[in-house]
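1. Sequence plus predicted model, see below.
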Amino acid sequence: MYRQIGILTGGGDAPGLNAAIRAVVRTATGEFGMSCIGIEDSFEGILGDTHTRTLTTRSVSGILPRGGTILGTRNRGSFVKMVDGKTTFPEVPIGEALANLDILGIEALVAIGGEGTLAIADQFYKRGFPVIGVPKTIDNDLAATELTFGFMTAIDIATEALDRLHTTAASHDRVMVLEVMGRHTGWIALHAGLAGSADVILIPEIPFSFEAIARKVAAREKTGSKFTNIVVAEGAAEIGKGEMYQDTAEMRLGGIGEHVRRCVEEMTGKESRCVVLGHLQRGGSPNAFDRMLGTNFGACAVRALASGETGKMVALQAGVIISVPLSEACTQIKKVPVDGQLVRTARDIGISFAAPTEAKHGEEGLHISHETHHRAVS
Ligand code: F6P
């Protein structure tokens, strides 16, 4: 059994991080008698003049409903370098960090983060240091786990935004465009679009056509609905075009919402407005589900370490938490299946993804033709 473990949070913050930290500390100290050291600002906290603090049940008291992470986080740090477009992990910082972990008396690590953080954690494991990863991303795009905490809260916030845009859109007979997060995938846009009654959902997995959007606006107009709500994932792109960046050097996505607004206004002549939801989706208190999931992930991560597992990530599959190899967890992105149940349901209830197939039909209520399915409802 380890005497002392370290815990860190890396990558973008997500509601539920503090719930996971609290559960790690309470489980490690209360159930297994280990001491806990919080490492500040992700892996950066174990470089140079290290930044750590002892965590006790008392010091994590009251953090369950709090947004952000009490340990701080970093998106990019000293541990990853891009060389000729390829991700590399330089030896020097890893060696320094391992030496510092030894000095600090940290015998194992719980690393909470997205694909980037987990890939670094995997490097520690590969050099023989015991590590368990906990997945985190509001985008919910890690293939190895059905859900990550932060996602449900982000959907709640995006749904509330759509509800609010709905009433102002209807009052002014406008097209409202809501840009939500989702770098590689459209999970937030799809779920919030369904929950918030969007008329058009634009996601990276389904390249869109402006003609199809304009046709949808016109079709709604014909049936008396003089407003249209569009939700667009930040990584969505027009057919034949790439994603839009607000900062290409930093590869920071942004701008697609305003682009959609401008083009739709030009094509339809309807007054249009764009709202970029941005980091409001990540900040603030986690909802009940994310508190629960963060707590369960945190406790299961410590149980995995205590039972001798390493190089693994805890993951939710079929309703229970299991552990999967870290290497598997960092490499595969979970995309929205374009022929999946949710996309089909959205189409069935009249939501457009502005895909070429839909553009061909071009009529409200007419969607891609569905083959007869003999399986259970797909
Ligand atoms: O990975 C989650 C995410 O929210 C992405 O959807 C988004 O592109 C990114 O983080 C932005 O993060 P930051 O502003 O911290 O770089």
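-> Sure, I can see it.
2. From residue 96, how far off is residue 102?
-> 11 Å (CB to CB, to the nearest Å). (Glycine included, C-beta is placed from N, CA and C.)
3. Comparing those two, which residue is more hemmed in?
-> Using other CB atoms under 10 Å as the criterion, residue 102 and residue 96 rank with residue 96 on top: 15 against 11.
4. most centrally placed residue in the chain?
-> Nearest residue to the geometric centre of the chain (CA atoms, centre = their mean): residue 139, 1.9 Å.
5. Could you grab the helix/strand/coil label for the residue lying closest to that one once chain neighbours are set aside?
-> Excluding its sequence neighbours, the residue lying closest to residue 139 (CB to CB, 6 or more residues apart in numbering) is residue 182, at 5.5 Å. Counting by DSSP: H, G, I helix; E, B strand; the rest coil, the backbone at residue 182 sits in coil.
6. tally of neighbours for residue 182?
-> A count of nearby residues for residue 182, using other CB under 10 Å, gives 30.
7. residue contacts, it?
-> By CB atoms under 8 Å, 6 or more residues apart in numbering, the contact set of residue 182 is 139, 141, 188, 189, 203, 204, 233, 234, 235, 236.
8. Model confidence score at it, please.
-> At residue 182, the model reports a pLDDT of 95.
9. Any residues of the protein in contact with the ligand? List them.
-> 12, 75, 114, 137, 138, 139, 181, 182, 183, 234, 253, 282 (CB under 6 Å from any ligand atom).
10. count of neighbours near the second one?
-> Read it as residue 75. Residues lying near residue 75 (other CB under 10 Å) number 14.
11. Do I have it right that it meets residue 9?
-> No. Counting by CB atoms under 8 Å, residue 75 sits too far from residue 9 to count as a contact (11.5 Å).
12. ok, now how distant is residue 49 from the ligand?
-> Distance, residue 49 to the ligand, by CB to the nearest ligand atom, to the nearest Å: 25 Å.
13. pLDDT below threshold where in the stretch 51-200 of the chain?
-> Across the stretch 51-200 of the chain, residues meeting the criterion (pLDDT under 70) sit at 76.
14. Three-state assignment for residue 322, please.
-> With three-state DSSP as the basis, residue 322 sits in strand.
15. Ignoring the adjacent residues along the chain, who's closest to it?
-> Among residues not flanking residue 322 along the chain, residue 315 sits closest, at 5.9 Å (CB to CB, 6+ apart).
16. For the strand or helix carrying that neighbour, what is the distance to the chain centroid?
-> Using DSSP states H and E, residue 315 maps to strand 312-317. Relative to its chain's centre, strand 312-317 lies at 16 Å (CA atoms, centre = their mean, to the nearest Å).
17. Mind checking the pLDDT average for that strand?
-> For strand 312-317, the per-residue pLDDT values average out at 97.
18. Please name the strands paired to it in the sheet, noting orientation.
-> Applying DSSP bridges, strand 312-317 is found paired with strand 131-135 (parallel), strand 320-325 (antiparallel).
19. Need those in JSON lines (columns: mean neighbour count and distance to residue 341).
-> Listed next are those as JSON lines, based on neighbours: other CB atoms under 10 Å; distance: least, CB to CB, whole Å:
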{"stretch": "strand 131-135", "mean neighbour count": "30", "distance to residue 341": "23"}
{"stretch": "strand 320-325", "mean neighbour count": "16", "distance to residue 341": "21"}
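20. Export those as TSV, with columns for distance to residue 33.
-> Listed next are those as TSV, based on distance: least, CB to CB, whole Å:
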stretch	distance to residue 33
strand 131-135	18
strand 320-325	22
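21. can you give me phi and psi for the residue in the stretch 201-350 of the chain positioned nearest to the ligand?
-> With CB to the nearest ligand atom, the shortest gap between the stretch 201-350 of the chain and the ligand falls at residue 253, namely 5.1 Å. Backbone torsions for residue 253, taken as degrees, to the nearest 10, come to phi -70, psi 160.
22. One more: residue 159?
-> Reported as degrees, to the nearest 10, the phi and psi values for residue 159 are phi -70, psi -40.
23. and the gap between it and the ligand?
-> Separation of residue 159 from the ligand (CB to the nearest ligand atom): 17 Å.
24. Just confirm that residue contacts residue 196, I think it does.
-> Yes. Judged on CB under 8 Å, residue 159 makes contact with residue 196 at a distance of 4.2 Å.
25. Overlap of the contact sets of these two?
-> By CB under 8 Å, 6+ apart, no residue touches both residue 159 and residue 196.
26. Return the residues in contact with the residue in the chain that the ligand sits nearest to.
-> Ranked by CB to the nearest ligand atom, the top residue of the chain for proximity to the ligand is residue 181, at 3.4 Å. Counting by CB under 8 Å, 6+ apart, residue 181 makes contact with 138, 139, 154, 188, 233, 234, 277, 278, 281, 282.
27. just those now: which is nearest residue 48?
-> Closest approach between the contacts of residue 181 and residue 48, by CB to CB: residue 282, at 27.9 Å.
28. packing partners for the strand or helix carrying residue 160?
-> Residue 160 belongs to helix 151-172 when assigned by DSSP H and E. Identification of packing neighbours for helix 151-172 by 3 or more CB pairs under 8 Å, 6 or more residues apart in numbering; DSSP states H and E yields strand 175-180, helix 187-195, strand 228-233, helix 288-306.
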